[in-house]
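Enquirer: what shape does this take:
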Amino acid sequence: MNPPSYDKQFLRDWLETAQVSGKPWSKTPPAPHLPREVIEKTAAKYHEALTRLTT
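Expert: Just a heads-up that it's a prediction; the model follows:
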């Protein structure tokens, strides 16, 4: 059985397609604004990890 994954590849994937001022993000400041969905999904991953570590 594989251990649970806490990988945030979905965040990395989103950043690869993100745009700043209508152009692909060059991975330099300013960073693109994260959509609420990406923030919530990332927070849920960290919350799940914390719960597993502390219960």
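Enquirer: so what's L15 closest to, chain neighbours aside?
Expert: In space, L15 comes closest to W25 once its chain neighbours are excluded; the distance is 6.7 Å by CB to CB, 6 or more residues apart in numbering. Where C-beta positions appear, they are placed from N, C-alpha and C, glycine not excepted.
Enquirer: contacting residues for that neighbour?
Expert: Each residue near W25 by CB atoms under 8 Å, 6 or more residues apart in numbering is listed here: L15, A18, Q19, A31, P32.
Enquirer: ok, now which ones touch T17?
Expert: P24.
Enquirer: show me the helices in the protein, by range?
Expert: 9-17, 36-54 (DSSP state H).
Enquirer: how far away is P32 from T51?
Expert: 29 Å (CB to CB, to the nearest Å).
Enquirer: which one's more surrounded, these two?
Expert: Neighbour tally, P32 and T51, criterion other CB atoms under 10 Å: the higher count belongs to P32, 15 against 9.
Enquirer: count the residues that sit near the closest residue to that one other than its chain neighbours.
Expert: Sequence neighbours aside, A18 is the residue nearest to P32 in space, at 3.9 Å (criterion: CB to CB, 6+ apart). The number of residues packed near A18 is 16, by other CB under 10 Å.
Enquirer: over to E40?
Expert: 11.
Enquirer: same question, L15
Expert: 14.
Enquirer: which residue is nearest the middle of this protein?
Expert: For the chain, the residue nearest the mean C-alpha position is L11 (2.9 Å; CA atoms, centre = their mean).
Enquirer: that one and V38 touch, don't they?
Expert: Yes - counting by CB atoms under 8 Å, V38 is a contact partner of L11 at 6.2 Å.
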